[in-house]
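Enquirer: dropping the sequence and predicted coords here.
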Amino acid sequence: MQKILVATTNPGKLEEIRNFLSDLPLEIVSLRDIGITDDVEENGISYSENSLKKALFYAKKSGLPAISDDGGLEIQALYGAPGVKSKRWLGYEATDNDLASYMTKIATELPDNNRVAFFRTVITFALPDGTNHQTEGFIKGLIAKKPLATILQGFPYRSFFFLPELSKYYHKSDLTEEEMKLYNHRYKAVNKLKPQLKLALDLE
């Protein structure tokens, strides 16, 4: 079975991507599984740049096809912030709890008539020879004044992201499995990527 590396240290992303690729005949391995501890500085000015940088680095380092993504929360009233800096909004040392606490303050201060936000991601599939392909996924919602109490590991902003068409939060404790696939921005990007994976890796 063909191995593919999901190049992330975020356990939430790893779980989602592993789940979204479960219908393909792939052996999915993580950085920890193959003993890679090198970090890649995410200093690009776009999701695309960061995603590509990580996928190319880890594909070459591991000798395996690699998938990496970069994305973030874009709040319309904040002119798209935190955007590409979502993970580092409060600096590199900030925890999920730190970000959630800060987001609680932001959520109460946003104007009632402009609480629109987006989750956006760019996923890159790269081969060790540098061949690569990118896809994008996004979802639109609202920033709720009051978040869900439970913070998802790796996804601190999702407790604040409300989907008005479902009257539910973008959170696995609130959505059914089918709803999570239908509305998940990463699932949309992974689905767009699957034809390229099948072609490049000669999957049935």
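Expert: Yep, it's here.
Enquirer: in this protein, what secondary structure element scores lowest on mean pLDDT?
Expert: Lowest by mean pLDDT, DSSP states H and E among the helices and strands of the chain is helix 177-183, with a mean of 90.
Enquirer: just how off-centre is the helix or strand where residue 136 lies within its chain?
Expert: Counting by DSSP states H and E, the element that carries residue 136 is strand 132-143. Chain-centre distance of strand 132-143: 9 Å, with CA atoms, centre = their mean, to the nearest Å.
Enquirer: ok, then the element right after that strand?
Expert: Reading on from strand 132-143 to the C-terminus, the next helix or strand found by DSSP H and E is strand 161-163.
Enquirer: partner strands of the very next helix or strand once past that next one, with direction?
Expert: Next along the chain after strand 161-163, taking DSSP H and E as the criterion, comes strand 168-169. Paired neighbours of strand 168-169 in the sheet (DSSP bridges): strand 161-163 (antiparallel).
Enquirer: how long is stretch 59-69 from one end to the other?
Expert: Terminal residues of stretch 59-69 are spaced 13 Å apart (CA to CA, to the nearest Å).
Enquirer: quick revisit: contacts for the strand holding residue 136, please.
Expert: Identification of contacts with strand 132-143 by CB atoms under 8 Å, 6 or more residues apart in numbering yields 47-48, 51-52, 55-56, 75, 106-107, 110, 115-126, 160-164, 170, 183-190, 192-193, 196, 200. Any C-beta I mention is one placed from the backbone N, CA and C, and that applies to glycine too.
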